[in-house]
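K.L.:
sharing a sequence plus its predicted fold:
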Amino acid sequence: MSQIYVLNGPNLNLLGQRQPEIYGHETLADIEALCSEAAGPHEIRFLQTNWEGQLIDWIHEARLQAAAIVINPAALTHTSVAVLDALNAFDGPVIEVHISQVHKREAFRHHSYVSHRADAVIAGMGVHGYGAGVAHAVRLIG
Ligand code: DQA
């Protein structure tokens, strides 16, 4: 069970088009390629949804399929106790990634429910945060 789940929350399907001054010009497909490279021999399952329940279902699936989760919950970071509860039911390492430096932004982005569970938090490295997150997950699962 050496799969790494890379999960993406709402609006991240619009990467490259959405507020490029904040999120850059790379697309989700570019990020997937970056994650595959960082995963080395490990298989990744790279997913995005705009629906909170879908994200939770994938976290439940990861309980049986994944050794680690790298997650950018996007806006659900700041609102979802349900995503936190799902992650609390996952036994392996959880890495939280944000493209932007959320602590330099609006106050409502400074609190993360997911950080109560995350083993590492990356913010402000742009899309390279995903590569760093997957590389860290690989180190943790060995
Ligand atoms: C984000 C930051 C969140 O505050 C925001 O809602 C997002 C993306 C990031 O990757 O910087 O959608 O998670």
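P.N.:
That came through fine. Numbering: from 1, shown residues only.
K.L.:
so where's this protein shaky on pLDDT?
P.N.:
1 (pLDDT under 70).
K.L.:
how about 90 then?
P.N.:
Where the chain drops to pLDDT under 90, the residues are 1-2, 142.
K.L.:
what helix or strand is G126 on?
P.N.:
Assigned by DSSP states H and E, G126 belongs to no helix or strand.
K.L.:
now do the contacts for it.
P.N.:
24, 26, 99 (C-beta atoms under 8 Å, 6 or more residues apart in numbering). Using the backbone N, CA and C atoms, a C-beta is placed for each residue, glycine as well.
K.L.:
for W51, see how far away the spatially closest residue to I141 that is not a sequence neighbour is.
P.N.:
Excluding the flanking residues, the one nearest I141 by C-beta to C-beta, 6 or more residues apart in numbering is A67, at 4.4 Å. Between A67 and W51 the distance is 25 Å, computed by C-beta to C-beta, to the nearest Å.
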